[in-house]
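*Asks:* need a 3D model of the sequence below.
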Amino acid sequence: MNRVSKTAIAAIIASMSFVGASKAEDSITMNWPADIDQTLATFDQDFNVKYVMERRDDDGHTESIPIPTTHIQGVQAAILANEPLLLRLEEQGVNVDDVVSAEQAADGSITFWLR
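*Replies:* This next block holds a predicted model:
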């Protein structure tokens with residue numbers, strides 16, 4: 001293989017790894033408090049509702065993860081700012097005061113965690 005071909009292949013591989021790293025970073029940060037709050041403010045896709053007591057680790061034990069009050073308030077405020085989402089949650093019997101967290105999946109759907 002000549003030098004030009006090797007350089008071109010190296011450049012392609014390097015650019016692909018940057019794209020992969022960028023997408024990985026996006027998927028990591030999409031559930032950070034500021035990012036999830038922004039997502040919820042305009043969210044209009046499918047969602048699931050689960051209770052925190054349903055959250056289990058790999059061994060089947062219930063996970064107990066403290067959730068900062070500021071995160072809970074941010075998620076609730078973002079839901080209240082999105083009236084169509086608020087109405088859809090209320091149709092499923094969800095009281096916004098019971099929502100303690102939200103988690104976005106790779107497919108764009110969101111799971112709302114209730115106390």
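*Asks:* looks to me like residue 97 is in a strand.
*Replies:* No: Residue 97 is assigned helix when assessed by DSSP: H, G, I helix; E, B strand; the rest coil, not a strand.
*Asks:* quick one: contacts for it?
*Replies:* residue 76 (CB atoms under 8 Å, 6 or more residues apart in numbering). Using the backbone N, CA and C atoms, a C-beta is placed for each residue, glycine as well.
*Asks:* okay, it: pLDDT?
*Replies:* Per-residue pLDDT puts residue 97 at 96.
*Asks:* distance of it from residue 72?
*Replies:* From residue 97 across to residue 72, the span is 10 Å (CB to CB, to the nearest Å).
*Asks:* same question, residue 106
*Replies:* 24 Å.
*Asks:* same check on residue 110?
*Replies:* From residue 110 to residue 72 the distance is 15 Å (CB to CB).
*Asks:* over to residue 92?
*Replies:* Counting by CB to CB - residue 92 and residue 72 are separated by 19 Å.
*Asks:* kindly report the same for residue 80.
*Replies:* In terms of CB to CB, residue 80 sits 13 Å off from residue 72.
*Asks:* same deal with residue 99?
*Replies:* From residue 99 to residue 72 the distance is 8 Å (CB to CB).
*Asks:* now do residue 50
*Replies:* For residue 50 relative to residue 72 (CB to CB), the value is 15 Å.
*Asks:* what do you get for residue 45?
*Replies:* Taking CB to CB, one finds residue 45 at 22 Å from residue 72.
*Asks:* which of those two has more neighbours?
*Replies:* Taking other CB atoms under 10 Å, residue 45 and residue 72 do not tie; residue 72 has more neighbours (17 against 12).
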